[in-house]
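Visitor: Fold the following and give me the result.
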Amino acid sequence: MADMTLTERDQRETSAPSTSATELGPVGARGSRRSQLRIGTHAFLLLLMAGFLAPVAWALVSSFKPANDIIRAPLSFDPSTFTLDNYVAMFHDVPIAHGFLNTAIVLIAKGAITMFFAPLAAYAFAKYEFVGKNIIFGAVLITLMLPTIVLIIPLLLEMKTFGWVNTYQALILPGAVDAFAIFWMRQVISAVPDELLDAARVDGCSEFGIFWRVIVPVIRPGLAGLAVLTIMNIYNDFVWPVVIASSEQMATLQVVLSTLAQNITGNRIGADYATVTGELLAASSVALIPLLVLFIVLQRHFINGILAGSVKG
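Guide: Numbering: from 1, shown residues only. Next up is the predicted model:
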């Protein structure tokens with residue numbers, strides 16, 4: 001009987017793995033389905049990325065082609081015909097370097113104002129209680145609903161009154177502290193625990209010291225996201241600069257690009273469509289590089305900033 005009992009026990013032990021394997025079958029099937037779903041999602045995202053990047057890649061590649069080949073065979077590229085003629089001619093015919101300089105000045109000054117005063121205003125809305133706070137914040141948010149074109153004429157008249165037409169002040173100050181930046185940073189600062197602020201006050205820190213030494217280090221991801229968006233908005237801004245900076249000396253990069261065809265035909269007698277197209281692609285490629293490098297370098301901070309700005313206040 002003891003031998004039979006041992007035999008039956010051995011049979012049960014050897015049959016146990018097959019039973020558990022059978023039970024794990026649906027789990028393995030679900031894992032396989034999830035794996036297939038991931039592969040399909042990645043394939044779709046790769047196709048979507050290729051669709052977005054295809055025009056950019058074509059413009060970059062075509063800018064190194066002879067001007068006539070861009071029109072004659074736009075989708076082909078022969079490495080043996082690689083040339084920098086479009087870039088050389090573009091820098092000769094178009095004041096793009098001056099446009100870069102004006103854009104850099106506006107970007108540094110306007111970006112600094114935005115990055116300092118927008119979080120400061122957001123800190124007041126997020127952590128202080130004062131009479132009319134909700135009304136004032138609501139008025140700030142209402143300005144988000146106003147299209148830029150509605151504000152063009154009042155701002156232009158104001159700049160004319162100040163004598164700031166065709167000046168850096170007119171390019172920098174209007175819109176330097178916009179409602180979106182304040183709203184974004186308020187959402188981020190609202191998530192900072194009030195206990196940190198109370199502890200800093202107990203230690204004798206001033207109110208501005210609390211903002212600078214406690215709030216700013218905590219909200220760095222949100223500041224990084226705001227910085228990327230601010231740089232992109234200022235760099236790509238066209239409507240206001242083209243209205244307020246009518247002189248060539250004050251033209252920003254986007255204004256220079258908008259008048260590129262006129263500059264080429266005006267500086268070169270007999271410039272044909274192929275020449276204009278080649279230099280236009282060269283100028284667009286040069287203008288694209290700074291933003292492309294910026295996003296590649298700061299993409300991690302940008303994503304973290306987006307997530308930080310999504311916190312419900």
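
Visitor: residues in contact with residue 141?
Guide: Counting by CB atoms under 8 Å, 6 or more residues apart in numbering, residue 141 makes contact with 179, 183. Bear in mind the C-beta positions are built from the backbone N, C-alpha and C, glycine included.

Visitor: oh, I was asking about residue 175
Guide: 110, 240.

Visitor: Against residue 230, how distant is it?
Guide: Look at residue 175 and residue 230: by CB to CB, to the nearest Å, they are 11 Å apart.

Visitor: For the stretch 101-250 of the chain, which segments are assigned as helices?
Guide: 133-142, 148-162, 168-172, 179-190, 194-202, 207-210, 216-218, 220-236, 239-244 (DSSP state H, counting those that start in this stretch).

Visitor: in the first one, what counts as buried?
Guide: Read it as helix 133-142. Within helix 133-142, the residues that qualify as buried are 137, 140, counting by 16 or more other CB atoms under 10 Å.

Visitor: Kindly report the same for the shortest one.
Guide: Burial within helix 216-218, assessed by neighbour count using 16+ other CB under 10 Å, is assigned to residue 218.

Visitor: Over to the third one?
Guide: The neighbour-count criterion (16+ other CB under 10 Å) identifies 170, 171, 172 as the buried residues of helix 168-172.

Visitor: swap in the last one?
Guide: Neighbour-count burial for helix 239-244, counted by 16+ other CB under 10 Å, picks out 240, 241, 243, 244.

Visitor: Which residues are in contact with the most centrally placed residue in the chain?
Guide: For the chain, the residue nearest the mean C-alpha position is residue 229 (4.3 Å; CA atoms, centre = their mean). For residue 229, the contacting residues are residue 184, by CB under 8 Å, 6+ apart.

Visitor: That one and residue 239, how far apart?
Guide: Taking CB to CB as the measure, residue 229 falls 17 Å from residue 239.

Visitor: before we move on, what about residue 136?
Guide: Separation of residue 136 from residue 239 (CB to CB): 27 Å.

Visitor: Let me know which of the helices of the stretch 101-250 of the chain is the nearest to residue 42.
Guide: Residue 42 lies closest to helix 220-236 among those, at 25.2 Å (CB to CB).

Visitor: Domain map for this protein?
Guide: Taking automatic domain parsing as the reference, the chain has its domains at 2-54, 85-309.

Visitor: Tell me how many other residues crowd residue 63.
Guide: When neighbours are counted by other CB atoms under 10 Å, residue 63 registers 23.

Visitor: Great, nothing more from me.
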